[in-house]
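# I'll drop the sequence and a predicted model, then ask my questions.
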Amino acid sequence: MEDIIIPIAGIMFIPTCLAVWFWGKGYLRKIEQRDRQPSISPDILLRLERMEQGIDAIAVEVERISEGQRFTTRLLSERGTPAALPSSREGGA
C-alpha cells in the first residue's frame, strides 16, 4: 500500500505547487498594477470636472465671437468700398 501512496502523493504534489505558483504570480501582478495606478482624490476630480465645464463654456463663447466676426465681415464686404472722405483742401472751412 505504501508503494502506491508515495508516487501518488508525489504526482499530486507537483501540480499543486504549480497551481499555487501561478496563482501567487497572478496575485502579485494584480497588486503591482493596482499600485501603479495613481489614486485621484475626489477634490481633484471635482476640480477637473469644473475645469472641463469652464473650457466647454469658453469654447461656446469663442464660437459665438467667431460667428459675429464672420457676420460683420460679410456685411462690410457686401457694402462695397466706402466713399472717400473729402480732403480738407476741397471743402474749405
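That came in fine, so what should we check first?

# Using PDB, list the CA coordinates for stretch 8-18.
Output in PDB follows, covering the C-alpha atoms of stretch 8-18 (Å, rounded to 0.1, in the frame of the first residue of the first chain):
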ATOM      1  CA  ILE A   8       0.500   9.300  -5.900                       C
ATOM      2  CA  ALA A   9       1.400  11.900  -3.300                       C
ATOM      3  CA  GLY A  10       4.400  12.900  -5.400                       C
ATOM      4  CA  ILE A  11       2.300  13.200  -8.600                       C
ATOM      5  CA  MET A  12      -0.300  15.300  -6.700                       C
ATOM      6  CA  PHE A  13       2.400  17.500  -5.100                       C
ATOM      7  CA  ILE A  14       3.800  18.900  -8.400                       C
ATOM      8  CA  PRO A  15       0.500  20.100  -9.900                       C
ATOM      9  CA  THR A  16      -0.500  21.600  -6.500                       C
ATOM     10  CA  CYS A  17       2.800  23.500  -6.300                       C
ATOM     11  CA  LEU A  18       2.400  24.700  -9.900                       C
END
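
# which parts of the longest helix anywhere in the chain are buried?
If you go by DSSP state H, the chain has its longest helix at helix 42-79. By neighbour count with 16 or more other C-beta atoms under 10 Å, helix 42-79 contains no buried residues. For every residue, glycine as well, the C-beta is placed using N, CA and C.

# Does anything pack onto that helix? Which helices or strands?
Applying 3 or more C-beta pairs under 8 Å, 6 or more residues apart in numbering; DSSP states H and E, we find helix 42-79 packed against no helix or strand.

# tell me the phi and psi of S39?
The phi/psi pair for S39 (degrees, to the nearest 10) reads phi -90, psi 130.

# Check the gap between it and Q33 for me.
13 Å (C-beta to C-beta, to the nearest Å).

# M12 now?
The value you get for M12 to Q33, if C-beta to C-beta is used, is 32 Å.

# How about T16?
26 Å.

# Lowest mean pLDDT among the helices and strands, pick that one out for this protein.
Here the helix or strand of the chain ranked lowest by mean pLDDT, DSSP states H and E is helix 88-91, holding a mean of 63.
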